[in-house]
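[1] take this sequence and fold it.
(chains A, B, C and D)
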4 protein chains.
Amino acid sequence: MEKFRFLTAGESHGKCLTAIIEGLPANLDIDVDFINEELKRRQGGYGRGGRMQIESDTVEIMSGVRFGKTIGSPVTLVIKNRDFENWQNIMSANPKDITSDKAFTTYRPGHADYAGSVKYNQRDLRNILERSSARKTAIEVAVGAVAKLLLKQFGITASSKVLQIGNGKTEEEFHAEIDRAKAAGDTLGGKIEVTFENLPVGLGSYVHWDRTLDGRIAQAVMSVPAVKSVSIGNHHAYKMLGSEFHDEIFCEDGKITRKTNNAGGIEGGMSNGENIVVTAVMKPIPTLRKPLKSVDCITKEPTEAHFERSDTCAVEACAVVVESRIACVLANEILLKYGGDSIEELK
Amino acid sequence: MEKFRFLTAGESHGKCLTAIIEGLPANLDIDVDFINEELKRRQGGYGRGGRMQIESDTVEIMSGVRFGKTIGSPVTLVIKNRDFENWQNIMSANPKDITSDKAFTTYRPGHADYAGSVKYNQRDLRNILERSSARKTAIEVAVGAVAKLLLKQFGITASSKVLQIGNGKTEEEFHAEIDRAKAAGDTLGGKIEVTFENLPVGLGSYVHWDRTLDGRIAQAVMSVPAVKSVSIGNHHAYKMLGSEFHDEIFCEDGKITRKTNNAGGIEGGMSNGENIVVTAVMKPIPTLRKPLKSVDCITKEPTEAHFERSDTCAVEACAVVVESRIACVLANEILLKYGGDSIEELK
Amino acid sequence: MEKFRFLTAGESHGKCLTAIIEGLPANLDIDVDFINEELKRRQGGYGRGGRMQIESDTVEIMSGVRFGKTIGSPVTLVIKNRDFENWQNIMSANPKDITSDKAFTTYRPGHADYAGSVKYNQRDLRNILERSSARKTAIEVAVGAVAKLLLKQFGITASSKVLQIGNGKTEEEFHAEIDRAKAAGDTLGGKIEVTFENLPVGLGSYVHWDRTLDGRIAQAVMSVPAVKSVSIGNHHAYKMLGSEFHDEIFCEDGKITRKTNNAGGIEGGMSNGENIVVTAVMKPIPTLRKPLKSVDCITKEPTEAHFERSDTCAVEACAVVVESRIACVLANEILLKYGGDSIEELK
Amino acid sequence: MEKFRFLTAGESHGKCLTAIIEGLPANLDIDVDFINEELKRRQGGYGRGGRMQIESDTVEIMSGVRFGKTIGSPVTLVIKNRDFENWQNIMSANPKDITSDKAFTTYRPGHADYAGSVKYNQRDLRNILERSSARKTAIEVAVGAVAKLLLKQFGITASSKVLQIGNGKTEEEFHAEIDRAKAAGDTLGGKIEVTFENLPVGLGSYVHWDRTLDGRIAQAVMSVPAVKSVSIGNHHAYKMLGSEFHDEIFCEDGKITRKTNNAGGIEGGMSNGENIVVTAVMKPIPTLRKPLKSVDCITKEPTEAHFERSDTCAVEACAVVVESRIACVLANEILLKYGGDSIEELK
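    Down below sits the predicted model:
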């Protein structure tokens, strides 16, 4: 049931991140500057560490676009890793480059290291952490930016904001919380809210569980590495009465209106024309300067989780990723709903 | 990527609910009594209305099972609607039975009525509400029960509990909250927690977003009609420090252990061997005796949302549905992980 | 990428065959008489054995249709097995009905028996043959009939004819070949041609291998139990020159026309507006009165393949099944191309 | 139901061809030389034109492999187009490079041009022909080579041969036919046979149409641009008697054996342990030096189909592509059957 389908690939310190998007209609304007701005948004935010400066991601289009417009064939996006020359021996695909040293053997709590090494039968945890890294969200943001370019054709726009970091609830407090965590060698997560405006009625469906729009959004958001919770609409649903929660329906000038949006824009698994409002919780970053207790994957001896240069808080970046992931879901629904193989036919 | 795949069908007052499950290994014991017990659990709980008595759902197996064991071919499950004879004219598939009266034309806030009628171009809202009804979760519970029978073969078990209803946090308080809402003609939702125990390490994967186990669980849970929020692990992730949240790793007798489970059993999109703990929020039931303001779908005149006999609170039932939905996700992952076409080969 | 998706279930001598179709637009007229006529076509043809009389299949609609029209929710089709009462102990789902005798243990050459029993770890071959039987094509024809009802809305029609049976190339010769085989206790296959007319340009796509229309048709046709070969367009492609084979393009009154259709209506993996012409080869029926040499699955001793009442030739039925299978592929492509959730919106 | 899934991208004269393969187990040896040899096989064969010299394809691995082994994460393969510098203005993704001249406007019979331009609403047929070109089969061969590396781990091997070209049935005759066609400015197709040896019993299934192995192979083979016909096993099935066609079953030393393989290794939609034998027909190449009559897509005036440097006959290359496509189907089935996330666990 996917019309907007894609695969992504790439390791954190590999040559590049790659995505292939299949299913875009022809004649969609691909604004590379917009994609790069989205990549920049992902790299920003208070509390980021040193790597963000190195990276400065930009996308290169390798296929599917001619003279600024899609031609119907699959679109390939590549983000080169600028730092690759420092990693080429460590990350080489060539069996001749293998060395006996340098295996990374401490499971980092909160990461994929332990389960990943069991699953894929690896003794060098680098073979797990390179792909499980949040680095891969860069290419997901690029894909999401293409989805947003499609949504724009229908007037649909996205925005997001941070609701909470630690116990802070205002920007000033966010900074104070982050500064305090950073000084302690610790990390923080937070809570964000993403809003999509100007949606048509009837994206998604109640007729089968795997077609519910809220279900698909929940999967997309929860798949973001650090996200542990997804909500649609008013957070207090669990303690409200039906008469308080449900959005009464009115009609003005022949148009259906609401005075509230506790449902967050989705009723019966479908967009109802109101703004789609999604809240997500990001857990604190699991790589801490203050080390966590752990175990060596080979010796099983106690040790402390390794520190790689990292961020104190990446909640703002997470919001951009969540936006991007939801944009992909909505782009797919738009394509399913309107059919058509070119932008002219879709609209 | 689905090995355990299924489709469900059926309207609330139609002849029956049907599911076809494709992909089960051969020689799995199908305990019909267990499926019926699960259906009974879904019908129970404090705060349910009159319909639950009428129904008393039981499943009939129409294919795929011989002498109590699967044979590899698709399994068909049917739950007959015992009340169908009272509805056969209203719900007839035969064009000759059409009548001009009885169209249902008031959009009910919180339901699929409005968006569904726009999407599917319907003027009689019964054509929407019959399928969008929570009735369809009965057959999803039956499918989930089959998934649980597969999980049992691997020692994996499920349980659930209610955490909150209204402002109540204990069973006694739940009942008081429900009684108060019922007296006021109002409804309530709540918060539930579902736990799966004894999982193998490495279900799901971080390698691609659509393979993350938490993402798949989130979709399955959020697709349940009344669910508005899904969380994995500790609810307070957004305000905890990294050093507080992440579950340190120890080794006892060569076995990896943890002292905490804030991650809720999932790290890096994979099961890590700890219990999987999922919290879901159910919104209050949208059908109230105390009517909500709405609009007629034909005349667009103001009106009040129709009352059909309903429940005050169905949070306990919702927990059973959520368990069932997660069981399907885990069954699929087990089949992907272990391969094999018969139970003997899987284990 | 499926919008018209379905699952089928049911054993040859089980209670019933069932299908659930998910993804149909609302307001499609479902003409049950047409479905039953298609089922009757499948049961006809010269050379059929006794069972066809017993069966006389008719479909019952269990969900998704109200007053003769789809409502957007999944459609359940059931064909009851009229002979089930004679089989209820043998085919019971209940573990209590198990008996020690009656296991079917001779592998029948040309059937699923051998590979199926290895795959699904079965010692009673009935557990394989019941589902691998061509009986399941009855419900596939019912699903195909629904697909045809959708295609009819776009003016697309199907027809088929037998090209060859044995060495016979005319109806008279077909009958003579069949009579001769029947007298010898032997069986025959044949070659059929199926044509779909009035297709829009641009179903399917060259942009990715799994979207080619010819690829999808080939899968659908080759999945029919007895089919061993599928061709699109002129059979002699392998020995023709490019200048002979390719269909030159003309324009009359602003409309693209061709004088030949060697491509069989598909160029570049897409419908090109000409008739789609598919040829399929059916192997001879593998159940013969004149027994084939085989082996007992338990003892591994030589034996002869068991004879169950069967047909001498079912090529005409096969043509109906092939039509039905292609209709499902085209219905899916129509839904993908035109989008829309109701017939009014699609057209 | 795909475990071995992939997307490919790239235009004939674009920067590169790209594939992402997702679902490979970890610790699979990736022999780049083998992939390059397969690419070379695709470029060979009697009757090829000038372009094959320019290309000399080699693959670069951009992700998913470290020190010669897969690590579980998606594998990216890239084949650079060596000729790109001559095409960079014509194929630029940048809107600033657009020019008013050079649009390609003659529909070429036998190509995607006409249907593609209608479908994707294009007036410059280059936007169609660049992706619909057989050039994209190069990256499909690279993907197939990776699939073959997986199959090798199970001892499964592939081979192919040409059965017929024009009226020629021996290599000597093939060359004479090709020489004659070339002299006449014409083209030829042919018939090939592909064999896979050493398969396990029970890949694919009869239980649902979309799981039949022959159906999946038929789709994969028919999706190859020039293929118009796919057969499994003995070509003469349509005129043979059941007693002649079906492969009798014997047992030697406890092992099931056959004396014939008319079924081509597939019974009941499953591999039966015999060699899988697939025949495919390739149509003649549609780009001829001797031009075909056609129409201009803008003016609709009669014209002649444009000649681009091309081949006279590419049947040997087609055989390599067909092998590759079938290898992908079998790799997927092996992964589904054996489960496991690392090579060690699979075997």
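
[2] the nearest residue to residue A:64 once chain neighbours are set aside pairs with what?
    Nearest residue to residue A:64, sequence neighbours excluded (C-beta to C-beta, 6 or more residues apart in numbering or on different chains): residue A:75, at 3.4 Å. All C-beta spots, glycine's among them, are computed from the backbone N, C-alpha and C. Counting by DSSP bridges, residue A:75 is bridged to residue A:21.

[3] likewise residue A:293?
    So, taking DSSP bridges as the rule, residue A:293 has residue A:304 as bridge partners.

[4] for chain A, which residue gets nearest to chain C?
    Going by C-beta to the nearest C-beta, chain C is nearest to residue A:339 of chain A, at 2.4 Å.

[5] list the contacts for the residue nearest to residue A:64?
    A:20-21, A:24, A:30, A:61, A:63-65, A:146, D:9 (C-beta atoms under 8 Å, 6 or more residues apart in numbering or on different chains).

[6] columns neighbour count on top of these, output as CSV?
    Converted to CSV, these look like this (neighbours: other C-beta atoms under 10 Å in any protein chain shown):
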residue, neighbour count
A:20, 27
A:21, 25
A:24, 29
A:30, 24
A:61, 23
A:63, 28
A:64, 30
A:65, 27
A:146, 31
D:9, 29
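
[7] ok, the residue of chain A closest to chain C touching residue C:345?
    No. Using C-beta atoms under 8 Å, residue A:339 is not in contact with residue C:345; the gap is 9.3 Å.

[8] identify the contacts common to the two.
    residue C:339.

[9] low-confidence stretches in chain A?
    A:1, A:50-55, A:101, A:306-309 (pLDDT under 70).

[10] what parts of it come near chain C?
    Chain A comes close to chain C at residues A:1-3, A:5, A:22-23, A:72-74, A:202, A:205, A:207-208, A:335-341, A:346, as judged by C-beta under 8 Å from any C-beta of the partner chain.

[11] sorry, back to before: show me the contacts of residue A:75 that map onto strands.
    A:20-21, A:61, A:63, A:65, D:9 (DSSP state E).

[12] and these, which two are furthest apart?
    A:20 and A:65 (12.6 Å; C-beta to C-beta).

[13] which residues does the residue of chain A closest to chain C contact?
    Counted by C-beta under 8 Å, 6+ apart, residue A:339 has contacts A:345-346, C:335-340, C:346.

[14] so what's residue A:236 up against?
    Residue A:236 sits in contact with no residue, where contact means C-beta under 8 Å, 6+ apart.

[15] next one: phi and psi at it?
    Main-chain dihedrals, residue A:236, degrees, to the nearest 10: phi -100, psi 20.

[16] residue A:302: neighbour count?
    13 (other C-beta atoms under 10 Å in any protein chain shown).

[17] which residue sits closest to it, ignoring its sequence neighbours?
    residue A:295 is the one closest to residue A:302 (C-beta to C-beta, 6+ apart), at 6.1 Å.

[18] the one you found: neighbour count?
    Neighbour tally, residue A:295, other C-beta under 10 Å: 23.

[19] follow-up on the earlier one: from the contacts of residue A:75, pick the one nearest residue B:273.
    residue A:20 (34.0 Å).

[20] which one is the closest one nearest to, not counting chain neighbours?
    Leaving out its chain neighbours, residue A:20 is closest to residue D:7 (C-beta to C-beta, 6+ apart), at 4.2 Å.

[21] wait, that neighbour touches residue D:20, no?
    Yes. Using C-beta under 8 Å, residue D:7 makes contact with residue D:20 at a distance of 5.6 Å.

[22] need the residues touching each of these two.
    The contact lists of residue D:7 and residue D:20 share A:7, A:20, where a contact means C-beta under 8 Å, 6+ apart.

[23] is residue A:334 in a helix, a strand, or coil?
    helix (DSSP: H, G, I helix; E, B strand; the rest coil).

[24] what sits against the nearest residue in space to it that is not next to it in sequence?
    The shortest distance from residue A:334 to any non-neighbouring residue, by C-beta to C-beta, 6+ apart, is to residue A:154 (6.2 Å). For residue A:154, the contact set (C-beta under 8 Å, 6+ apart) comprises A:198, A:200, A:334, A:347.

[25] let's see it at 10 Å
    Counting by C-beta atoms under 10 Å, 6 or more residues apart in numbering or on different chains, residue A:154 touches A:198-200, A:330-331, A:334, A:337-338, A:346-347.

[26] inside helices: which ones of these?
    Among those, the members falling in helices (DSSP state H) are A:330-331, A:334, A:337-338, A:346.

[27] so can I have a markdown table of those showing neighbour count?
    Output for the ones in helices among the contacts of residue A:154, formatted as a markdown table (neighbours: other C-beta under 10 Å):
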| residue | neighbour count |
| --- | --- |
| A:330 | 28 |
| A:331 | 25 |
| A:334 | 23 |
| A:337 | 21 |
| A:338 | 18 |
| A:346 | 20 |
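
[28] out of the residues you listed, which is nearest to residue A:176?
    So of those, ranked by how close each gets to residue A:176 (C-beta to C-beta), first place is residue A:330, at 35.5 Å.

[29] how much space between that closest one and chain D?
    21 Å (C-beta to the nearest C-beta, to the nearest Å).

[30] name the residues of stretch A:162-179 that are buried.
    Going by neighbour count (16 or more other C-beta atoms under 10 Å in any protein chain shown), the buried part of stretch A:162-179 is A:162-166, A:168, A:174, A:177-178.

[31] how about it, does it reach chain B?
    Yes. Residues of stretch A:162-179 are located near chain B by C-beta under 10 Å from any C-beta of the partner chain, namely A:163-168, A:177.

[32] what's the spacing between stretch A:116-124 and its chain's center?
    25 Å (C-alpha atoms, centre = their mean, to the nearest Å).

[33] quick one: is whichever helix or strand residue A:192 is part of near chain B?
    Following DSSP states H and E, one finds residue A:192 within strand A:190-197. Yes. Applying C-beta under 10 Å from any C-beta, one finds strand A:190-197 in contact with chain B at A:190-192.

[34] now swap in stretch A:207-220 and tell me
    Yes. Counting by C-beta under 10 Å from any C-beta, chain B is contacted by stretch A:207-220 at A:207-220.

[35] could I get those residues as JSON lines with secondary structure and distance to residue B:48?
    Supplementary listing: these in JSON lines, determined by DSSP: H, G, I helix; E, B strand; the rest coil; distance: C-beta to C-beta, whole Å:
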{"residue": "A:207", "secondary structure": "coil", "distance to residue B:48": "25"}
{"residue": "A:208", "secondary structure": "coil", "distance to residue B:48": "25"}
{"residue": "A:209", "secondary structure": "helix", "distance to residue B:48": "22"}
{"residue": "A:210", "secondary structure": "helix", "distance to residue B:48": "28"}
{"residue": "A:211", "secondary structure": "helix", "distance to residue B:48": "28"}
{"residue": "A:212", "secondary structure": "coil", "distance to residue B:48": "24"}
{"residue": "A:213", "secondary structure": "helix", "distance to residue B:48": "28"}
{"residue": "A:214", "secondary structure": "helix", "distance to residue B:48": "24"}
{"residue": "A:215", "secondary structure": "helix", "distance to residue B:48": "25"}
{"residue": "A:216", "secondary structure": "helix", "distance to residue B:48": "30"}
{"residue": "A:217", "secondary structure": "helix", "distance to residue B:48": "30"}
{"residue": "A:218", "secondary structure": "helix", "distance to residue B:48": "27"}
{"residue": "A:219", "secondary structure": "helix", "distance to residue B:48": "30"}
{"residue": "A:220", "secondary structure": "helix", "distance to residue B:48": "34"}
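
[36] cool, thanks, signing off.
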